[in-house]
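*Asks:* quick check, what structure comes out for this input:
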Amino acid sequence: MCRWIAYLGEPMFLEDFVTAPRQSLVVQSRSSKEARSAVNGDGFGLGWYGDRPNPGTFRDVRPAWSDENLLSLAHQIKARLFFAHVRASTGTATTRANCHPFHVGKWLFMHNGKIGGWDRLRRRIESAIPDELFPHRHGTTDSEAIFLLMMANGLDADPPQAIARTLGYVEDVMRDARESEPLRCTAAFSDGETIYAVRYASTGKPETLYTRQRRDNSGRLLVSEPLDDGRDDWLAVPPQSLVTVTRDNIAWRDFRVAA
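*Replies:* Residues are numbered from 1 along each chain as shown. Model prediction:
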């Protein structure tokens, strides 16, 4: 499955986390230590917030380890809040439209996981995306569908409730279809001010997620796996958790889907 990084704090160059560390995101794209598949070579993406309210993005289908554009962008872009993602496809095509992060308006979203039985359930789940949001459906992934359903379920007004309602609906569809493969969702989303993340699975065994606060309190990281071999200052987020990252704090609480 995929690997990702989310950062909020004092402006930093993306290369400080994406390309420079010993176990950077680029290293994880070809040699992950904690993903279900060691190689995450089905494209990559960056999303960042600068001086404008809506984020910038760059996505491509080449493996992160072989794209010189990624190295150049990570070296030049400095941001107070950014996402970075390397993709391992769970069955959908390797196209730019299927690379993360996805964005609509001020919101960014990226995901590591899968809706079990997606091929069989896709039509029903997509049909729940409202007409006014469906023009933003550019790809074929379950991840983008989850994001658009979150928008439909009130992401602007109440982000935690939006993800709870969305995953609750997906689980209802899976239950009705008697789907045995689980729902797994380790995702991050942001409005440019706060980062939210969820680590959830219907089996209670979601993909990994860690946090770290920089020692000088200047920034906070959410990552799929640690960026170095020194694990003392990385905290593992428990399964079934919702994480909230602000300029002043990082905290998590128990997460349950909405009935």
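
*Asks:* quickly note the distance from the residue nearest to Ala152 when sequence neighbours are not counted to Tyr169.
*Replies:* Distances taken as C-beta to C-beta, 6 or more residues apart in numbering put Pro130 closest to Ala152, at 5.1 Å, once the chain neighbours are dropped. Bear in mind the C-beta positions are built from the backbone N, C-alpha and C, glycine included. Between Pro130 and Tyr169 the distance is 13 Å, computed by C-beta to C-beta, to the nearest Å.

*Asks:* what about the two, which has more around it?
*Replies:* Comparing Pro130 with Tyr169 by other C-beta atoms under 10 Å, the one with more neighbours is Tyr169, at 18 against 10.

*Asks:* wait, doesn't the more buried one sit right on Ala128?
*Replies:* Yes: Tyr169 is within contact range of Ala128, at 6.7 Å (criterion: C-beta atoms under 8 Å).

*Asks:* anything in contact with each of these two?
*Replies:* Common neighbours of Tyr169 and Ala128 (criterion: C-beta atoms under 8 Å, 6 or more residues apart in numbering): Leu149.

*Asks:* what's the span of stretch 204-218 from first residue to last?
*Replies:* 33 Å (C-alpha to C-alpha, to the nearest Å).

*Asks:* ok, stretch 16-31 next?
*Replies:* Per C-alpha to C-alpha, the first residue of stretch 16-31 is 19 Å away from its last.

*Asks:* stretch 238-247 now?
*Replies:* 22 Å.

*Asks:* show me which positions of it end up buried.
*Replies:* By neighbour count with 16 or more other C-beta atoms under 10 Å, stretch 238-247 contains the buried residues Pro239, Gln240, Ser241, Leu242, Val243, Val245.

*Asks:* dead centre of this protein: give me the residue that sits there.
*Replies:* Centroid-nearest residue in the chain: Met110, 2.7 Å away (criterion: C-alpha atoms, centre = their mean).

*Asks:* check contacts around it.
*Replies:* Residues near Met110 by C-beta under 8 Å, 6+ apart: 2, 4, 6, 45, 47, 83, 85, 100-102, 143, 187-189.

*Asks:* go again using 6 Å as the cut-off
*Replies:* Trp4, Phe83, His85, His100, Pro101, Ala188 (C-beta atoms under 6 Å, 6 or more residues apart in numbering).

*Asks:* can you give me the strands for the stretch 101-250 of the chain?
*Replies:* Secondary structure of the stretch 101-250 of the chain, counting by DSSP state E, counting those that start in this stretch: strands at 102-104, 107-114, 184-190, 195-201, 210-213, 219-223, 235-236, 241-245, 250-254.

*Asks:* wasn't Asp16 part of a helix?
*Replies:* Yes: Asp16 forms part of a helix when assessed by DSSP: H, G, I helix; E, B strand; the rest coil.
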